[in-house]
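In: what's the 3D shape of this:
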Amino acid sequence: MREDYLKTAFLMFDKDGSGKIDNEEVIALLSGEDLSNFVSKEAVGEALKEIDENGDGEIDFEEFMQMMKKATEKDDAASGT
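Out: Residues are numbered from 1 along each chain as shown. Prediction:
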């Protein structure tokens with residue numbers, strides 16, 4: 001996965017331009033299109049804790065790239081590629 005595509009995706013989440021994604025930014029993104037009915041604030045918090053390797057309560061670009069790399073590897077393994 002190309003880094004420039006990941007940066008674009010990251011910036012979609014990082015609404016305040018801080019260089020990090022916090023719980024509120026993810027919740028704001030997920031609350032559109034009635035996604036909030038499917039994902040609770042608690043579930044978002046737990047997912048971010050899992051991704052947040054340095055424990056600062058936010059996801060920086062490096063952590064985001066690691067998350068996407070892991071997700072891609074799981075998809076590749078599931079599809080047998």
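
In: switch to C-alpha atoms for all contacts and neighbour counts from now on
Out: Will do.

In: need the contact partners of the longest helix that the chain contains.
Out: Longest helix in the chain by number of residues, with DSSP state H as the criterion: helix 61-79. If you take CA atoms under 8 Å, 6 or more residues apart in numbering as the criterion, helix 61-79 is touched by M1, E3, L6, K7, F10, G19, K20, I51, D52, E53.

In: where along the chain do the helices fall?
Out: 3-13, 23-31, 41-51, 61-79.

In: highest mean neighbour count out of those?
Out: Mean neighbour count (mean count of other CA atoms under 10 Å) peaks for helix 23-31 among these, with a mean of 17.

In: what is that one packed up against?
Out: Packing contacts for helix 23-31, counted by 3 or more CA pairs under 8 Å, 6 or more residues apart in numbering; DSSP states H and E, involve helix 3-13, helix 41-51.

In: let's see the helix or strand of the chain with the lowest mean pLDDT as PDB, backbone CA atoms only.
Out: Sorted by mean pLDDT, DSSP states H and E, the helices and strands of the chain end with helix 23-31, the least confident at a mean of 76. Extracted C-alpha coordinates of helix 23-31, given in PDB (Å, rounded to 0.1, in the frame of the first residue of the first chain):
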ATOM      1  CA  ASN A  23     -11.400   9.200  19.700                       C
ATOM      2  CA  GLU A  24     -13.600  12.100  18.900                       C
ATOM      3  CA  GLU A  25     -12.400  12.400  15.300                       C
ATOM      4  CA  VAL A  26     -13.100   8.700  14.700                       C
ATOM      5  CA  ILE A  27     -16.500   8.900  16.300                       C
ATOM      6  CA  ALA A  28     -17.300  12.000  14.300                       C
ATOM      7  CA  LEU A  29     -16.400  10.200  11.100                       C
ATOM      8  CA  LEU A  30     -18.400   7.100  12.000                       C
ATOM      9  CA  SER A  31     -21.400   9.100  13.100                       C
END
